[in-house]
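Peer 1: fold the following and give me the result.
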Amino acid sequence: MPAVFRRLAPYWEILAPLLLLIVNYGIFRLIQEVPTANTSWGGLLLMASPLLSLYCLARIVLSPLTAACLVTLLHLILSIANHLKFVLTTMPLQYHDLFAVENFTIIRHYLTFWHVLILLAVPLLLYLASRISPYRLGLARFVLCVLGAVLFALPALQSHLDAVSPALAETVGEVLDAEGLQPQNRHIANTFRLIGLPLYIAQTSHLPTLPPPSAEERQQYAALIDAAAAQPREDAPRNVLIVLCESCWYKGQHFRSYFTDLLQLGFRPFRGTSPMYGGGTVNASFELFTGLPVHNFPHPNRIEDPAVTPVTPILYQTYGERFSPRADTMVSALRARGYHTVNAHDFYGLFWKRNIVTYKLGFNRFYSIEDMTNNPAMPEPSFSHYPQDVLLFDFMLGQTDFAQANFQFLTTMYTHGPFNNEQEYEARLKVAMAQLTDYLRQYLAADPEALVLVFGDHLPAMNDYYYRHSIIPRTVLTERGFTDKAGIVALGDIPLFIHAPDDARLRGFLKAANGKPLYCISTLLDRHWLHSGHPVFTYAAEQRTCERYTPKTYNQSIRLYPDWLYAISLFDPPDTPVPAAPAAPEPEPAPEADPESAPAPQ
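Peer 2: Next comes the predicted model:
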């Protein structure tokens, strides 16, 4: 060890935490873009408090400089990951992302050479730090480290302190409020820029249980079930297929040609609004299955201001294990009416906890890539990138008994991001749409009367392409990224395609559904064809939630769904199953055809 470092040895206990604060201040400013110039010294110290708590814990087993390097490198890696996620999806890194080991299979696709280099440099830097700063820990240092770890953890754990001491939680909350570092009633997507990523991640760790519904609210829910059971129903299609086509998107002439064959099969196009941008596929699925708006989900940091578009965590990941195993959804209602409900995805079953949540939402069976590749008749896919969707389609054709009533939901994978450029996206979209069209041709040949819906779950994450072609307004997307004006309607425009046997009903559906959010798409799909008896759909019909929706009132429209509807249907549904539908009356003469059809692809 050089003599200069030996002379510094007595001072590392002071120098190491100072270096920690200085370097991490730079991370706050340069990577997280925290406006530190407007923050007091006390506020900066509170922002860094989770880092200081981790430093004190690490100092118990490491030398001062090694502990400071470890915490700084961890903060740097999380900041880079957060920046990447936020740029691609407009969603920041949250606490539950750190422990979602089931999603690590996809992270490798987003790593660049520089990311790998940083990861490889971590052990080398820690080794050098241990050589420079010797490890010494006496009883006094140990006690100071423990006290420091506890003290600096208080701001990060403020939302958990109620369980220990409500008075302490209130005091810490007042300190955070004084510095403007509380996350409540903020746009959650930008909160990390206001309070710093470490404090934000810690504060998103708190997921309290939803308050139990009152007796009156349970009576309202029971009335919805009774009202659904009393309604006469027409015959529903025997086979219902919904295909979520990962990142499949076009607008105007952008990528439109790859959807031409689908239109020639007789599919009618319309537009919809996804709750997600660039990622978070299962939140789009959630809206279809439940008929409930994702962004009104009653999580602790939900935005109450109707002028602010909220950003919601991935519900499968954060709440999926809390969902009731008999949750009330469109799927469970169809299963109760005799449909064989199947969900299939040509990727790992652990991804977004689909292997757990899918069954809770009412599916009889979930198939993942593990089931498809274990089939001797299926070719082994190449995992140099993502599997081609022909694997999913061929497998499902072999699993489908068209003589029984089927509800199938398929999620494709080949067009999953990231994309190095639009040429790569175009090449994969071309293959994916050709395979999808061929599958649907075979499916409809087996049952021409089937009801089939195909939709893109969200826009592909290609910010540079949208900026160059002015596809997303410049007030929303700039060269540097998304502005505070970014909202669901501006970022959620997706294409949908439907094939249905009854042309008059189809025209009515297209007129009602065009431009609506996904929770309304499933509501209207049920109203026109499925008649499942799902209580949420009955509520939507009674309150005319989808009829009252306009793009300008998205934030107000999602708030038409009360918290008790989420709490009961997802977490504590009544024991009584959805009653069987009564016999349908004699059909009335078909109404005259509506001359207004869905708009052509735009």
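
Peer 1: so residue 27 touches residue 78, yeah?
Peer 2: No - using CB atoms under 8 Å, residue 27 is not in contact with residue 78, being 9.4 Å away. In short, each C-beta sits where N, CA and C put it, glycine included.

Peer 1: next, show the common contact partners of these two.
Peer 2: Residues touching both residue 27 and residue 78 by CB atoms under 8 Å, 6 or more residues apart in numbering: none at all.

Peer 1: mind checking what secondary structure residue 407 has?
Peer 2: strand (DSSP: H, G, I helix; E, B strand; the rest coil).

Peer 1: if I pick it, what's in contact with it?
Peer 2: By CB under 8 Å, 6+ apart, the contact set of residue 407 is 240, 331, 334, 335, 339, 340, 341, 342.

Peer 1: all the helices of the stretch 151-300 of the chain, in order from the start?
Peer 2: 166-178, 191-195, 197-203, 215-230, 260-264, 281-290 (DSSP state H, counting those that start in this stretch).

Peer 1: which one, of those, ends up nearest to residue 554?
Peer 2: With CB to CB as the measure, helix 281-290 is the member of the helices of the stretch 151-300 of the chain nearest residue 554 (12.8 Å).

Peer 1: I'd like the average pLDDT over that closest one.
Peer 2: What helix 281-290 shows for mean pLDDT is 96.

Peer 1: packing partners for that helix?
Peer 2: strand 239-245, helix 315-319, helix 330-336, strand 406-411, helix 518-525 (3 or more CB pairs under 8 Å, 6 or more residues apart in numbering; DSSP states H and E).

Peer 1: switch the helices of the stretch 151-300 of the chain over to JSON lines; also include distance to residue 33.
Peer 2: Formatted as JSON lines, the helices of the stretch 151-300 of the chain follow (distance: least, CB to CB, whole Å):
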{"stretch": "helix 166-178", "distance to residue 33": "21"}
{"stretch": "helix 191-195", "distance to residue 33": "6"}
{"stretch": "helix 197-203", "distance to residue 33": "11"}
{"stretch": "helix 215-230", "distance to residue 33": "43"}
{"stretch": "helix 260-264", "distance to residue 33": "41"}
{"stretch": "helix 281-290", "distance to residue 33": "25"}
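
Peer 1: turn the ones you listed into TSV, columns for distance to residue 209 and mean neighbour count.
Peer 2: Below are these laid out as TSV (distance: least, CB to CB, whole Å; neighbours: other CB atoms under 10 Å):
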stretch	distance to residue 209	mean neighbour count
helix 166-178	17	14
helix 191-195	22	22
helix 197-203	17	25
helix 215-230	16	16
helix 260-264	44	15
helix 281-290	19	25
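
Peer 1: and the ones you listed, which one averages the lowest pLDDT?
Peer 2: In terms of average pLDDT, helix 191-195 trails the rest of those, at a mean of 80.

Peer 1: all helices of the stretch 401-550 of the chain, in order?
Peer 2: 422-446, 463-468, 488-491, 503-513, 518-525, 535-543.

Peer 1: please work out which of those helices is packed deepest.
Peer 2: Highest mean neighbour count among the helices of the stretch 401-550 of the chain (mean count of other CB atoms under 10 Å): helix 518-525, with a mean of 26.

Peer 1: which strands or helices does that helix pack on?
Peer 2: Counting by 3+ CB pairs under 8 Å, 6+ apart, helix 518-525 packs on strand 268-273, helix 281-290, strand 451-456, helix 503-513, helix 535-543.

Peer 1: what angle sits between the second one and helix 518-525?
Peer 2: Right, the one you point to is helix 281-290. Inter-element angle recorded for helix 281-290 and helix 518-525: 30 degrees (by axes from the mean of the first three to the mean of the last three CA atoms, to 10 degrees).

Peer 1: with the longest one instead?
Peer 2: Note on geometry: by the same axes, to 10 degrees, helix 503-513 and helix 518-525 are set 160 degrees apart in direction.

Peer 1: many thanks, I have nothing further to ask.
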